[in-house]
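Enquirer: Structure of the sequence below:
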Amino acid sequence: MNKILAELATCGVQDVRVNEPLSRHTTWKVGGPADLMIYPHNKEELERAMKIVYKHQVPWRVIGRGSNLLVRDGGIRGVVFKLDEGFNYFRADGPRITAGGGYSTILLASMSAKYGLTGLEFAGGIPGNVGGAVYMNAGAHGSEISEVLSSAEILTESGEWLTLSNEELKFRYRTSILQKELRGIVTEATFELKMGDKKKIASALASFKDRRRKTQPLQFPCAGSVFRNPPGDHAGRLIQEAGLKGYRIGDAEVSTLHANFIINRGQATANDVLTLIEHIIKTVEEKFSVTLEPEVQVVGEG
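Expert: Residues are numbered from 1 along each chain as shown. Modelled structure (predicted):
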């Protein structure tokens with residue numbers, strides 16, 4: 001890693017942290033350290049850093065605001081990229097909006113509403129950033145990002161810049177081409193919305209946010225929905241019917257407010273959360289013959 005650190009410094013990438021605890025960067029507030037965490041300030045820095053990482057064939061990944069992510073207690077070997085302020089922007093041009101990969105998804109919905117643009121109201125309660133939302137085709141309330149996304153700018157792991165259309169991103173339920181077929185970082189996304197009534201848009205946005213406050217345990221560290229909904233059913237209903245609301249391992253607990261949420265009551269470890277996830281899968285499978293699939297990404301070493 002010393003050689004990489006030296007090369008990063010030589011090419012002007014200065015904001016690099018060694019053994020950075022990822023519990024500081026995940027909404028569950030758990031997880032071990034990253035060997036290196038790089039904060040590129042702009043696209044040029046990101047490209048230079050990525051080319052160095054690729055040249056040395058060092059494992060890497062990107063994290064946004066740390067939602068939908070479980071980092072194991074051993075941390076992440078290699079490099080973690082975290083997009084800095086240079087990727088935190090929003091532009092509107094008529095019904096077309098463009099946002100940086102580091103821009104808040106919640107702010108994206110709020111700003112669109114201010115411009116009288118409809119189509120992103122559902123995203124007003126989705127934690128995380130735009131890059132992550134594109135990566136996993138984030139959704140809520142029966143809608144998802146793929147319904148309004150026009151294109152995304154991607155930096156591939158070899159340092160090549162691509163602009164992929166909605167079709168090229170191969171969106172499916174909570175997945176995109178970026179999860180397996182094409183490794184890269186979403187640096188910017190463009191959305192095609194529609195002009196609407198500002199009052200109606202604001203009302204819908206407020207309704208979704210209010211529903212989120214009432215049905216999700218936001219007062220505790222959590223990572224959003226833990227499991228994908230199986231076809232024709234809801235993971236939360238199955239977990240609740242299995243009698244697992246309030247079930248606890250260490251300080252990790254199935255929320256009594258929403259069974260598809262696992263909360264950190266204060267001192268949970270990643271292993272507590274992972275063990276609870278495995279227990280939920282086993283219990284639901286035994287009771288209903290349904291195998292729940294985690295929506296959260298589990299990364300790092302145990």
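Enquirer: Reduced to three states, what does Ser131 come out as?
Expert: You called it Ser, but residue 131 is Gly. Put simply, Gly131 is helix when judged by DSSP: H, G, I helix; E, B strand; the rest coil.
Enquirer: how about the nearest residue to it, chain neighbours excluded?
Expert: Gly101 (3.3 Å; Cβ to Cβ, 6 or more residues apart in numbering). All C-beta spots, glycine's among them, are computed from the backbone N, C-alpha and C.
Enquirer: now Tyr115
Expert: Per Cβ to Cβ, 6+ apart, closest to Tyr115 is Ala92, 4.9 Å.
Enquirer: What ranges does the stretch 201-302 of the chain have for its helices?
Expert: Ranges of helices in the stretch 201-302 of the chain, per DSSP state H, counting those that start in this stretch, are 235-241, 270-288.
Enquirer: how about those helices, which one is nearest Gln14?
Expert: helix 270-288 (30.0 Å; Cβ to Cβ).
Enquirer: That closest one packs against which elements?
Expert: Where contact means 3 or more Cβ pairs under 8 Å, 6 or more residues apart in numbering; DSSP states H and E, helix 270-288 is packed against strand 69-71, helix 235-241, strand 248-249, strand 252-254, strand 262-264.
Enquirer: burial count for the closest residue to Asn271 other than its chain neighbours?
Expert: Spatial nearest neighbour of Asn271, chain neighbours left out: Asp73 (5.6 Å); criterion: Cβ to Cβ, 6+ apart. By other Cβ atoms under 10 Å, 19 other residues sit near Asp73.
Enquirer: shouldn't Arg61 be in contact with Ile185?
Expert: No: with contacts counted by Cβ atoms under 8 Å, Arg61 stays clear of Ile185, the gap being 9.4 Å.
Enquirer: Between those two, which is the more surrounded one?
Expert: Ile185 (24 against 17).
Enquirer: host element of that one?
Expert: Element membership of Ile185, judged by DSSP states H and E, is strand 184-192.
Enquirer: Give me the sheet partners of that strand and which way each runs.
Expert: According to DSSP bridges, strand 184-192 has the following sheet partners: strand 96-100 (antiparallel), strand 149-156 (antiparallel).
Enquirer: Could I get the buried residue list for the first one?
Expert: When burial is assessed from 16 or more other Cβ atoms under 10 Å, strand 96-100 yields the following buried residues: Ile97, Thr98, Ala99, Gly100.
Enquirer: pLDDT and distance to Val18 added to these, as JSON lines?
Expert: Putting the buried residues of strand 96-100 into JSON lines (pLDDT from 0 to 100; distance: Cβ to Cβ, whole Å) gives the following:
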{"residue": "Ile97", "pLDDT": "98", "distance to Val18": "37"}
{"residue": "Thr98", "pLDDT": "98", "distance to Val18": "34"}
{"residue": "Ala99", "pLDDT": "98", "distance to Val18": "31"}
{"residue": "Gly100", "pLDDT": "98", "distance to Val18": "26"}
